[in-house]
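Undergrad: Need coordinates for the below:
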Amino acid sequence: DSIIGEEETDKSGLSDQTWILDPIDGTESFIRGVPLYGTLVAIADKYGPAVGIVNLPALGECVWAGRGRGCFADGRPARVTENTDLAGACLVTSGIDYWPSTTVIESLVEQDAIIRTWGDAYGYALVATGRADAMMDPVVNRWDVAPMLTIFPEAGGVFTDLSGAVTAEGGDALATNPALVDQILNLVGR
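TA: Predicted coordinates for the structure are as follows:
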């Protein structure tokens with residue numbers, strides 16, 4: 001199998017499977033003793049994204065999905081919210097300082113959205129399990145979000161970059177439910 005990861009040089013394999021790994025997503029949380037970091041694992045094959053895992057060891061939580069098999073959190077089915085309105089929606093991001101300007105955040109606040117910085121792997125887990133409505137990430141690498149390509153479709157959600165393309169390689173990301181994706185992209189998209 002091929003391996004792509006944050007911590008090591010990419011390795012080519014002979015099979016059609018690729019593992020995409022991030023051993024500590026949320027390094028700042030980890031080094032500061034904040035339990036909102038995670039380990040991310042994704043597997044892709046010749047058909048595309050196949051497996052996605054977000055493990056939050058300090059919280060004792062794990063969200064995982066398999067293509068065509070559903071999404072689960074600690075053994076129970078996981079689903080995104082059905083919220084259709086940005087007013088009162090809980091939107092999470094890795095940090096306000098990652099956004100190129102405060103205009104984006106201000107436009108969301110004007111819609112009466114609630115903005116929290118429960119980001120990185122934890123933010124995606126919140127959205128996949130229906131505890132938050134959207135995770136918006138203005139700066140990501142492939143290994144930061146590759147599991148979401150499997151997790152969100154299996155949880156009834158949508159995962160795109162901020163231009164609306166379904167990819168882990170766009171440099172930014174949005175995970176939400178189908179009703180909110182266009183509303184959010186219209187305010188924060190490129």
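Undergrad: so which helix or strand takes in the residue lying farthest from the centre of the chain?
TA: Distance from the C-alpha centroid of the chain peaks at Leu14, with 28.7 Å (Cα atoms, centre = their mean). Under DSSP states H and E, no helix or strand contains Leu14.
Undergrad: So which residue is dead centre in the chain?
TA: Short answer for the chain (Cα atoms, centre = their mean): Tyr124, at 3.9 Å.
Undergrad: for the helix or strand of the chain with the lowest mean pLDDT, which positions count as buried?
TA: Counting by mean pLDDT, DSSP states H and E, the weakest-scoring helix or strand in the chain turns out to be helix 102-110, with a mean of 86. For helix 102-110, burial by neighbour count (16 or more other Cβ atoms under 10 Å) applies to 104-105, 108. Using the backbone N, CA and C atoms, a C-beta is placed for each residue, glycine as well.
Undergrad: by contact count, what packs against that helix?
TA: strand 114-116, helix 181-188 (3 or more Cβ pairs under 8 Å, 6 or more residues apart in numbering; DSSP states H and E).
Undergrad: hmm, 6 Å instead?
TA: helix 181-188 (3 or more Cβ pairs under 6 Å, 6 or more residues apart in numbering; DSSP states H and E).
Undergrad: So for the helix it packs on, what gets flagged as buried?
TA: 181, 183-185, 187-188.
Undergrad: Equivalent analysis for stretch 139-158, please.
TA: Applying 16+ other Cβ under 10 Å to stretch 139-158 flags 140, 142-158 as buried.
Undergrad: Just the ones of those in strands?
TA: Among the buried residues of stretch 139-158, DSSP state E puts Val158 in strands.
Undergrad: Sketch out the helices for this protein, chain order is fine.
TA: 27-31, 102-110, 120-128, 142-145, 148-154, 181-188 (DSSP state H).
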